Structure formats: C-alpha cells, structure tokens
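>>> what shape does this take:
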Amino acid sequence: MEIMEESNFSELLSELIVLADEVASLAKNSEIEVDIFAEFAMLVEKFPPIFNDLRDKNTILDKPPIRKSLESLENELKRAKALTKSSNLRQPIKQIEDITHDIGRSLGLLLVASLEVSAEFREKIGTLQRQLMNVRFDGSLSLTSSPTSEFAGSDMNLAGEIEEEIVNVSIDDVVLQLKNGNDEEFAVALLRLKEFMRSEKLDGGLINEEATLAILFNRLGSCKANNRLAIIQLLRSIAFGNDEKKEKMVDIEFLSAVVKSLTRDSEERREAVGLLLDLSDIQAVRRRIGRIQGCIVMLVAILNADDPDASHDAAKLLDILSSNTQNALHMAEAGYFRPLVQYLKEGSDMNKILMATALSRLELTDHSKLALGEAGAIDPLVNMFSTGKLESKLSALNALQNLSSLTENVQLLIRSGIAGSLLQLLFSVTSVLMTLREPASAILARIAQSETILVNEDVAQQMLSLLNLSSPIIQGHLLEALNNIAAHPGASKVRSRMKEKGALQLLLPFLKENNIKIRSKVLDLLYTLSKDLTDELTEHLDETHLFNIVNIVSTSTSESDKAAAVGILSNLPASNKKVTDILKRANLLPILISIMYSSTGSISSTTNSLAESIASVIIRFTNSSDKKLQLLSAEHRVIPLLVKLLSSGSPVTKSRAAISLAQLSQNSLSLRKSRKSRWLCVPPSVNAYCEVHDGYCFVNSTFCLVKAGAVSPLIQLLEDTEREVVEAALYALSTLLQDQIWEGGVNAIAKLSGVQAIIKSLEVGDAKIQEKAIWMLERIFKVAEHRVKYGQSAQVVLIDLAQKSDSRLKSTVAKVLAELELLLSQSSYF
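Okay, the predicted model is just below:
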C-alpha cells in the first residue's frame, strides 16, 4: 500500500513539474501582452524546484493535506495553461493577475499543510507565495508594504479541511511553544498561531492576547532572522486597522524590541519601520518612540538609504515625530534638518529661539552646513536678528556664526543684506546690544571673504576705527575681517586707503601684544599689507619693531606666525642697508638657516610660504655688493642650504635660491686663490683647484658654484615649467661665463649636458629668458667643438627667433647665427 501511495504521490509531482514547464513555455511565447506574460512565466518557473524537493521528502508521503493542496495547485495551473493558450482574452492583464493570485492561494494551502517540514523549505514556499499574492502586472513586480491576507474566497473551505487533518494542537500548546520552543518549534508555533488568528480564535477570547503579544515581543530580541521577520509581519497583521490592538503594543519594552530591528537586514528593517509607522497613530507610541535610544538616528539613516519603501515610511514617521520639538532637535543631531528649519520658519517665538540656540551649539560638518543652507535656514535666522527681541537676536546670530564658516552660506548671507546691519551693530553703544557684538564681528569676518564686501569702500576704515574700542575677541574678528578684505585681488584702493588712515601706525604696537591670537592676526594683516606697501612699511618699522618681528620668528611655536613674520621681512626692500644692518644685529640669518635645517620636510601651504620668504630674505644677505655680508652668510652654511632648495623647494623658493647663488657666484672670480699666489702658507689640496675659475676655490670663501655642486641642479631647473625658475637658473649659470673665465664655464656646463637645456629654454617664449640664453649661446658657440655638436639643433630655433623677435634681440641672434654660418661655409668648402 505504501509503495502504491509513493508511486501515486511521485507521479502527481512529476505531472505537476511537466504542467508548470508547459505553462511557463506558453507564457513566454505569448503574442499578446508580451512583457506581462514574461513576468508570469518567471514566477511559474519557480515551481518545479519546489515539486522536486517534495518528491525527495519521504517523511511526508502519508499526509493527505499535502496531496489535497497539490491537487488544488494542479487545477489552478491547468486553468493558467488554458488562459495562456487563448488568443481571445477580453482583459488579459486582469485575468492573468487573478490566476496568479489564485495560484498563490493554493500555494498557501501547501504552506499550511507543511508545518512539520524544515523551516528552510517553508521559507522557500512562503517567499514564492508572497510574490504571487502581491504581484501587480503594471510592467513590474510590485510588493506592497501593507499586510495582506493569505487566503480568500472558496479556498477557505479547503484550508479548513486541511486544518482539520493537521495534528490536533491546542492553543495552550501553541503558546507554550511560542514561549519556550527552539527556533524550529517556534516557527511551527508561529504558523499555527496565524491559523488560530485566521479562524478568529484569537479574537474569540480563547487566547490571552496580552500574554501572547508579550511573548512575541520578547522573542523578537532572541530568535533568528527569519522568525524575527515573521513576528513583525504578524504584529503588523494584528495591528492593521485596529486601534484597540495597537494600544496593547505601546509598552516601552515592546517598542524598544522593534527599534532594535531597525539595525537588522533590509527586509526586517523595512517591516520594522512599517510597524512603528502603523503604531504611531497612538499618542503614547509617538511620545515614547523618540525617547528610545538610537531610534531617531536609525530612522534618519533609513531615510537616507537606498530602500525606497523603507525610506518613504521613515520619512512619514519622522514627520509625525517632529511634532515634538525635542524629537526635531534629535533629528538635527542625526543630520536631518527639515523639521528644525520648519520650526525656524513657522514656529512660535520660543520654538524659533530653541532651534536657533540648538543650531549654534551643534558641531556641524561642512556637508551639514551646506544642507542647512540649501534647506533655507539662513533667511529665517536673518529675519529673527532683524525683527526679534534681544534673546531672539542673540540666538540667531550665534546660529548664523556657526553656519557662516561655509562659503556657500556666506553668499546667502550677503544676498540677505545683513552686512550693513552687523556693521551698524558694532558701532552701537547701547549696553543691551553689547552681547551681540561678538557674533556680529565673527560673521562680518566670514562675509569679508567675499569680494562683494568691497562695494562699500569705507568698510575697512570703519573696522579700523573700532579696533582699540573693542574686546580682544571682537578685535580678533575685526582683524580677520580686515585681512580678508585687504587680501582680495581687487582691493588695492582699499589697502591704499588703509595706509592713508594710519593703519600701519595702529597695527604695529600690537606686535608686543600678549594675546597670542591677536598678535597672529595682526601679523597676517601686516604681511598682506606689506606686499604692496613696502616703502611705507619700511618708513614705519623702526629698530624696535624689527627686533620684535625677529623675536617672533625666533620664539613662536606657530609655523603660520613664523611664516607671516618672515613674510613681512621678505617684502622690505633688499637695497635698504639700514634694515639689513638691524636684521644682522638681530641675528636673523642664523635663526632662519636653523629653521630650514630643522624642518621636518612636511609640505603644506604654511611651510611652503615660510620657505619662500626665508629664501627671499637670504637674497638680502647674499647681495653681491657686500662681500663681508656674503662671507657671514657662507659661514652660517647658507650655500649648502641654497643648493638643497634648488631640488626640494616650490618654484618661488627655487628661483630665489638660484638668485642668491648667482649673487654669490658673481664674486667667486675675485675671491679665488690663484695658483701663482705667493701668499698661500699651506698649499691647497689638488681637489681645491677649479678649472672654471682657474684657481683654488672653496665653498665658504669663494662661493664657487662648481665646488658647491650647484651646476647640475641649476641645469635641471632649465626644464622647469615656471618661467621665473628658468630665468633665475640662467642668471646663476651665466656667472660662469664672465669675460675672464667663459671658456672654462662653457666646458663645465657642456660636460653636464647644459647646452641643449639652454637651447631648449629659447622656446619658453619669455624675452628676458631668450636674451640671457642667446648671450650664453654666443659664448658657447665660440668653441668649435660645441658648434659642431649643438649648432644644427640651435639653428632652427635661432632662425625662428630672428624672424619673430623684437629688434633688441635680433642683433644678438645674428651674432650667434654668424658663428654657425661660418662653420657651415667651411663644411661646404671641404
């Protein structure tokens, strides 16, 4: 008998597999509603693997409920086959959708009948059943987020028959399994509980509803993912449209268990958000959800995630919760600012102050500041400042100060027209308004970053007049604002006006300021002004001021302060001997060299600026007209430092280092020790002899570029993309071609492949560079060997220059071409 049953059962499943394949094939080849039938075929193709699994499970062959559910499936699949073969369908989309739902209901019967099989197998059936029941043939498979009934219509009767044949289990047994069963037992009990619910035994008072809910919420925190998902879906079904049942789910521990599911996988997270949204109809739930730690943070995260259904529900729930101002503040802390901005726009005066105060205290990222600006937070805050009372003004200004560190928000502030009101506030002497001056000055400093501030040409003078009348904090903001204004490329007139109004006299005393922050901002402003007010600054900088600046360079622990202080000194005219003498007595040079040698090598805008300024100051101490000063510089190891900077500095540093080496090299010839000299007590070593200067050369006493190893890096600079670097390198190399030593210099440059680099520099297109390079080539091509080797490559460039260059260059180019033409005529003759 068992063999017969097994055979019949196996045959039934084989027939179902063939039938499902036929339905899928017909649907794929349908000539009407091609896309819809293709989607239907994809669903039907999922049945054969399920039927195969059933055929492999011998333990369930003696279960009549399964056979009945399979027979129901067979009937629906036969209907589907007939439908797909028909070519005269009146409403094909509705008909195919209805048959899909009917197949889903039959599969639901199989799910109910399979309570004793593995959870994995039930999950496979359950997933397909949900897809079939939720399908909407509008061009895509649409899974709704609202709970749906698994059974309908005449299938209820068949389900009832199957239920009667399932092993008789009491409600108390189900509750016991829910409470104490392992994950497998719990899953079976959960399905049975659904059956009791469907049969209305839950509502009939046969089960303690509160106790059952407590068990479900308790197990939510301890069971496996599949069971957690099933619990939440069941809870949604229980709560759906029933406020009385929702009231039984308001316990804070229950809600906390659901909130934990917000951190789980996407499907569980989606259902958990949906459940919380369903329960939010209840006032107690709305009040308690916001208090649960991490709830609002997770809702904001889900809102910004890529699950559209969960995001939609999270947005609705956050909107509901935002009716509580504390929740709105928590949302802002989590990076969701829409409710906060809404309160700023439409809230009561007290709520506006609450939100603005919170905004002033939040530690905001640039992304958050941008989001707030784009959400419209600036205008209502400006309005609070303009029209509100003192507390409103103060909270608004503090909030605006927090937002104004972002350039995009500064533009919004400028467009709001707040700048004039802020400046007017700084001049106010009303004691009540004094507390507003600090944030007002801070915002003005930010607004001053925009060149639109220059529309008011008197703004800088007005700020200057306030400096000595303000507290240190306001002074700091005013100095920052003044520096921002003065630093704009189009602010030359403003800088001149500042000088005329006594800015330098006003600022220089601050160099002795004990407040380090104030002194730093003064240094920055003086450095900015020194760039085009060099003569005026020199007039006002007496010995005391210069010693103060050198002391800052020597003692400050701030790299930016050192960079600004050295920058001021670098902008003083190098030709001013009085300044040079003071700086020499202040021991500036050894301080600067020590800074450079102790540098960590880290590269930043500040360290670059410092190195550039130091290289500029060294030009003062290597002036070719003062050999004693040059010797002092060499004693402090300036030459090895300069050679190092040729390879490691910024373009500005490289060019300034090359200029200093050129100045030193100009005196090498006069300082060399002749081989014929009778005044050498101890004969120099053979290595000291220099072929370029035809005498004995030493780095620290004759400043020889050859002995310093500077020729090769200078030649490499000729390939630099910056014109100032190429020009300075040519200047330095040209000192090796002075009248008395040019031939030796030519050979030294040629030996290090410098001739070709000089020829290439002609292509840079700068008149000064071309003039210097042609002068050098004229001397180089006096040597026959170099004419032969490099003449042809130079000729093309030189002829082009002769045709395009100005008259000043043409005569020099002609001399060089004459050298080359002489060679060519001789070659032709031979």
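
>>> ok, Glu559 - contacts?
Thr606, Thr607, Leu610 (Cβ atoms under 8 Å, 6 or more residues apart in numbering). No exception for glycine: its C-beta is placed from N, CA and C like everyone else's.

>>> just the C-alphas of stretch 358-367, formatted as PDB.
The C-alpha trace of stretch 358-367 is given here as PDB (Å, rounded to 0.1, in the frame of the first residue of the first chain):
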ATOM      1  CA  ALA A 358      20.500  74.300  19.300                       C
ATOM      2  CA  LEU A 359      21.900  75.200  15.900                       C
ATOM      3  CA  SER A 360      24.500  77.400  17.400                       C
ATOM      4  CA  ARG A 361      25.700  74.500  19.600                       C
ATOM      5  CA  LEU A 362      25.700  71.700  17.100                       C
ATOM      6  CA  GLU A 363      29.100  70.500  15.800                       C
ATOM      7  CA  LEU A 364      28.300  70.600  12.100                       C
ATOM      8  CA  THR A 365      30.200  69.200   9.200                       C
ATOM      9  CA  ASP A 366      30.600  71.200   6.000                       C
ATOM     10  CA  HIS A 367      28.100  68.800   4.400                       C
END
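
>>> can you redo the contacts of Glu559 as a markdown table with distance to Ser428?
Below are the contacts of Glu559 laid out as a markdown table (distance: Cβ to Cβ, whole Å):
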| residue | distance to Ser428 |
| --- | --- |
| Thr606 | 37 |
| Thr607 | 42 |
| Leu610 | 41 |
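
>>> where does this structure have its least confident helix or strand?
Ranked by mean pLDDT, DSSP states H and E, the weakest helix or strand in the chain is helix 155-165, scoring a mean of 47.

>>> can I have the helix or strand following that one written out in PDB, keeping just the CAs?
Later in the chain than helix 155-165, the nearest helix or strand by DSSP states H and E is helix 171-180. Provided in PDB are the C-alpha atoms of helix 171-180 (Å, rounded to 0.1, in the frame of the first residue of the first chain):
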ATOM      1  CA  ILE A 171      -3.900  26.900  21.800                       C
ATOM      2  CA  ASP A 172      -2.100  26.400  25.100                       C
ATOM      3  CA  ASP A 173       0.400  24.100  23.400                       C
ATOM      4  CA  VAL A 174       1.000  26.800  20.700                       C
ATOM      5  CA  VAL A 175       1.600  29.500  23.400                       C
ATOM      6  CA  LEU A 176       3.900  27.200  25.200                       C
ATOM      7  CA  GLN A 177       5.900  26.500  22.000                       C
ATOM      8  CA  LEU A 178       6.000  30.200  21.300                       C
ATOM      9  CA  LYS A 179       7.400  30.900  24.700                       C
ATOM     10  CA  ASN A 180       9.800  28.000  25.200                       C
END
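
>>> who's in contact with helix 171-180?
With Cβ under 8 Å, 6+ apart, helix 171-180 has contacts from 185-186, 188-190, 192-193, 196, 201, 206-208, 211-212, 215-216, 219.

>>> and whatever helix or strand comes next after that helix, what's its mean pLDDT?
As assigned by DSSP H and E, the chain's next helix or strand after helix 171-180 is helix 183-198. Averaged across helix 183-198, pLDDT comes to 78.

>>> start and end of stretch 277-288, how far apart?
13 Å (Cα to Cα, to the nearest Å).

>>> stretch 402-410 now?
So stretch 402-410: terminal residues 11 Å apart, Cα to Cα.

>>> so who does Phe510 touch?
Ile518, Arg519, Val522.

>>> are any of those residues buried, and which?
Buried members of the contacts of Phe510, counted by 16 or more other Cβ atoms under 10 Å: Ile518, Arg519, Val522.

>>> between those, which is nearest Ala448?
Val522 (16.0 Å; Cβ to Cβ).

>>> hmm, the closest one is touching Glu513, no?
Yes. At 6.8 Å, Val522 counts as touching Glu513 under the criterion of Cβ atoms under 8 Å.

>>> now Val522: which helix or strand?
Counting by DSSP H and E, Val522 is found in helix 516-530.

>>> in that helix, what counts as buried?
Of the residues in helix 516-530, 518-530 count as buried by neighbour count, 16+ other Cβ under 10 Å.

>>> and if you look at stretch 449-459?
Quick answer for stretch 449-459 (16+ other Cβ under 10 Å): Gln449, Ser450, Ile453, Leu454, Val459.

>>> if you average pLDDT over it, what comes out?
On average, stretch 449-459 scores 80.

>>> now tell me what touches it from outside.
Residues outside stretch 449-459 that contact it (Cβ under 8 Å, 6+ apart): 407, 410-411, 414, 419-420, 423, 447, 484-485, 488-491, 493-494, 497.

>>> so where do the helices sit in the stretch 601-750 of the chain?
Assigned by DSSP state H, counting those that start in this stretch, the stretch 601-750 of the chain shows helices spanning 605-621, 627-635, 638-648, 651-665, 668-671, 699-702, 711-717, 723-734, 742-751.

>>> need those in a markdown table (columns: mean pLDDT).
Below are the helices of the stretch 601-750 of the chain laid out as a markdown table (pLDDT from 0 to 100):
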| stretch | mean pLDDT |
| --- | --- |
| helix 605-621 | 94 |
| helix 627-635 | 95 |
| helix 638-648 | 94 |
| helix 651-665 | 96 |
| helix 668-671 | 89 |
| helix 699-702 | 89 |
| helix 711-717 | 96 |
| helix 723-734 | 96 |
| helix 742-751 | 94 |
